[in-house]
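fold the following, please.
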Amino acid sequence: MITDKYNAITTDFIQNWDKEFLFDILNNISDAVMINDADTTIVYVNKAYEEILCTSAGKAIGKKLRDIEPDATAIKVMETGMASHNIVDYLRTIKINAVGMSFPIYNNNEIKGAVSIFNDVSEIEKLNKELQRIHEVTRYFQKELEKDHLPQSFSEYICSNNKTKEMLFLASKVAKTDTTVLIRGESGVGKEVLTRAIYKESKKSKMPLIKVNCASIPENLLESELFGYEEGAFTGAKKGGKLGKFELAQGGTIFLDEIGDMTFNMQAKILRVLQEKEIERVGGTKPISLDVRVIAATNRNLENMIVEGTFRSDLYYRLNVVPLNILPLRERRDDIILLARNILEKLNKHDDDFISLSADVIIVLQKYDWPGNIRELQNVLEHANIIRTSNQIGINDLPKYVIPDEYNLEVKHFETLNFKANIKMMEKELIKESLIRNNNNKSKSINELGISRRSFYEKLSEYGFE
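This next block holds a predicted model:
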C-alpha cells in the first residue's frame, strides 16, 4: 500500500538521524511530550513537560503513569487502541487542566506504549471564566438598560408620542408569548408594521408569517383560501387538493387583516380554530392540528358591530385578549415630523444629499388631519420628493389638497421674466390677500405682512387700493 511505502521511507530516513537531533526537536516543542511503555512506565519527557508540571525528567522517568495519574488518557488509549484528540485531563497531582492528544504505539499489531502531547489550559480556563463573568454582567446591565427601551425588532416603528410608546411596550411584552393579539386602528396607521415587529420578537420568528387580507378575498373563496381543500371538493378543485393559509403558517404566525369584514358564518369557523387549535379542509373529514399564533387587525368598530349583530361577541372576546390600539396620526402630531424625516431618508437612501423640510412645510404637515394616516403621509412625501427642485421640500412641492387656503394665493402666471415687475405683482397679491383675510383691518395686515406702516400705505397708494 502507498501508506506503508511512505512509512517505510520515513522510518529509513529517521533511522539515519542522530538520536540527539530527534531529542532536540522534541525539546523545542512548546507542548509537553511524554512517552510511556506497555506497562505505563514513563520512558521519556521533554523540557516543556518539566516546565509545565514543575518537575524534572529524572523524577518522572521510571515512574508508572497508573500510579501517578490512574485516569490518564494515555492509559485509556492503550486499553482501547484508539487515539484521542483535544481531551481535557485534570492532573490530580499538580492540580492543573491539560488538553492535548494521546495515541498508542504499535509494533507488529501489538501495543507497546503511548505518546501524549498536551499543554496546561488552567490559565486559559481562568480567562474564559472571567470573560464569561464579564459577559454575564454585561448582559445584566444590558437588560437593565432595555427596561426603558424597546427591542430592536420594534425599531421600524418611529414614535415619540407617550401613548404610542406605552402601546409599543405592551406589544413587546405580548410578543414573547403565544397569546392571540387584536390590533385596532384606522386605515394606514401601521397595523402591518406592528404585526411584523411582534412576529420578529416572538418565539415563532424562525417560522413563517402568513398574511391574509380578509376584505380582499371574495366570501365564497375565503374558506378554501384559509383552510385549504381536498381533491374533488368542488368543481375546478386542483388535483391533489391545496394547503390553506393556516397550514402554510404551521409553527409560525398568521395575520388576519381586516377581520371585521368577515361574514358571520366565517367568523364562527375562525372561532373554532382559536378554540380547538385545529382545522378541516373544505371537502375533508379529518381534523388537522395546528400550532399557529393568530394576530388579527381591523379598522372597524367591533363593539358597534356586535350591537348591530354583524360580529360575533364570542369571537370578539377570543380575539380581544390583548388589544393594541394604534392612535391615528392626528392624535400623535408630535410624531409627524419624525415620521416625515424617516420616510424622506428611505426615499433618498441611495443619494448622499440630505433632504430637509422648509418651515412652512413643517407647519402644514403638522396642521393637516391625515385621514389616510401614515400611508397618506408616505404618498404626500413621495409626491413632493419627485417634483422638488432643490434639497429642501417647499410648499409648492406638496400636493395641492394638503395645502391650507392661506398658502394658496391666486397669483397670476408670470407674463414677463422681468424681476422687478414680478416682485411688484407678488406684493400686490400678498397685500390684497392680507386685507381680505383681515376684513380690511390695516393694522392686522401690517403686522401680518411684517412691513412698516409708512411702507404699507405707500404700497396701498402705488397699487391703487385707496
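
show the pLDDT at Tyr44.
With respect to pLDDT, Tyr44 has a value of 88.

just say helix, strand or coil for it.
strand (DSSP: H, G, I helix; E, B strand; the rest coil).

what's the neighbour count on it?
Using other Cβ atoms under 10 Å, the number of residues around Tyr44 comes to 17. C-beta here means a position set from N, CA and C on the backbone, and glycine is covered the same way.

how about Asp353?
8.

any idea how far the residue nearest to it when sequence neighbours are not counted is from Val322?
Nearest non-adjacent residue to Asp353, counting by Cβ to Cβ, 6 or more residues apart in numbering: Asn391, 5.2 Å away. Distance from Asn391 to Val322, counting by Cβ to Cβ, to the nearest Å: 44 Å.

between the two, which one's more packed in?
Taking other Cβ under 10 Å, Asn391 and Val322 do not tie; Val322 has more neighbours (16 against 11).

who touches the more buried one in this structure?
Counting by Cβ atoms under 8 Å, 6 or more residues apart in numbering, Val322 makes contact with 170, 174, 179-182.

shouldn't Leu53 be in contact with Ile94?
Yes. Leu53 is within contact range of Ile94, at 5.6 Å (criterion: Cβ atoms under 8 Å).

the more surrounded of these two?
Using other Cβ under 10 Å as the criterion, Leu53 and Ile94 rank with Leu53 on top: 20 against 15.

give me the pLDDT for that one.
83.

who's in contact with it?
32, 60, 91, 94.

so which of these wins on neighbours?
Neighbour counts for those (other Cβ under 10 Å) peak at Ala32, which has 21 neighbours.

so, low pLDDT: which residues of this protein?
Scanning the chain for pLDDT under 70 picks out 1-18, 88, 121-153, 406-422, 437, 466.

domains in it, as residue ranges please.
2-123, 152-326, 330-407, 419-462 (automatic domain parsing).

single out the most deeply packed of those.
Among the domains of the chain, ranked by average contacts under mean count of other Cβ atoms under 10 Å, first place goes to domain 152-326 (a mean of 17).

chain center to it: distance?
21 Å (Cα atoms, centre = their mean, to the nearest Å).

likewise stretch 446-458?
57 Å.

all numbers from here: first residue = 36
New numbering, starting at 36: the last item is stretch 481-493.

start to end distance for it?
Distance between the boundary residues of stretch 481-493 (Cα to Cα, to the nearest Å) amounts to 12 Å.

residue contacts, Met69?
Neighbours of Met69 in contact, by Cβ under 8 Å, 6+ apart: 77, 79-81, 84, 95, 109, 150-151, 153.

quick one: the strands in the stretch 136-285 of the chain?
145-155, 216-219, 244-248, 263-264, 277-278 (DSSP state E, counting those that start in this stretch).

so what's Val317 bridging to?
Tyr264 (DSSP bridges).

how near is it to Lys273?
12 Å.

mind listing the shared neighbours of the two?
In contact with both Val317 and Lys273: Tyr264, using Cβ under 8 Å, 6+ apart.

who's in contact with Leu359?
202, 205-206, 209, 216-219, 229.

hmm, which two among these are most spread apart?
Greatest spatial distance among the contacts of Leu359 (Cβ to Cβ): Val209 and Arg219, at 14.0 Å.

separation between the residue nearest to Asp388 and Ala375?
15 Å.

ok, Asn81 next?
Applying Cβ to Cβ to Asn81 and Ala375 gives a distance of 72 Å.

circling back to that earlier point, want to try a markdown table for the contacts of Leu88, with distance to Gly485 and secondary structure as columns?
Converted to a markdown table, those look like this (distance: Cβ to Cβ, whole Å; DSSP: H, G, I helix; E, B strand; the rest coil):
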| residue | distance to Gly485 | secondary structure |
| --- | --- | --- |
| Ala67 | 89 | strand |
| Ala95 | 98 | helix |
| Leu126 | 89 | strand |
| Ile129 | 90 | coil |
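
just name the closest of these to Ala284, please.
Distance to Ala284 across the contacts of Leu88 (Cβ to Cβ) is lowest for Leu126, with 55.5 Å.

just grab the bridge partners of the closest one for me.
Ile131.

give me every residue that touches it.
Leu126 is in contact with 88, 104, 132-133, counting by Cβ under 8 Å, 6+ apart.

go on, Leu229?
192, 203, 206, 218, 359, 361.

residues in contact with the closest residue to Thr76 other than its chain neighbours?
Closest residue to Thr76 apart from its sequence neighbours, by Cβ to Cβ, 6+ apart: Lys99 at 5.4 Å. By Cβ under 8 Å, 6+ apart, Lys99 lies in contact with 74-77.

looking at those residues, which is nearest Leu337?
Within the contacts of Lys99, the smallest distance to Leu337 is 80.4 Å, found for Thr75 (Cβ to Cβ).

and the gap between that closest one and Ala67?
According to Cβ to Cβ, Thr75 and Ala67 sit 17 Å apart.

how much space between Asp349 and Ser324?
22 Å.

strands along the stretch 286-435 of the chain, start to end?
Under DSSP E, counting those that start in this stretch, the stretch 286-435 of the chain gives strands at 288-292, 313-314, 323-324, 328-333, 357-360, 391-392, 427-428.

same for the second one, what does it pack against?
Using 3 or more Cβ pairs under 8 Å, 6 or more residues apart in numbering; DSSP states H and E as the contact criterion, the secondary-structure elements in contact with strand 313-314 are strand 323-324.
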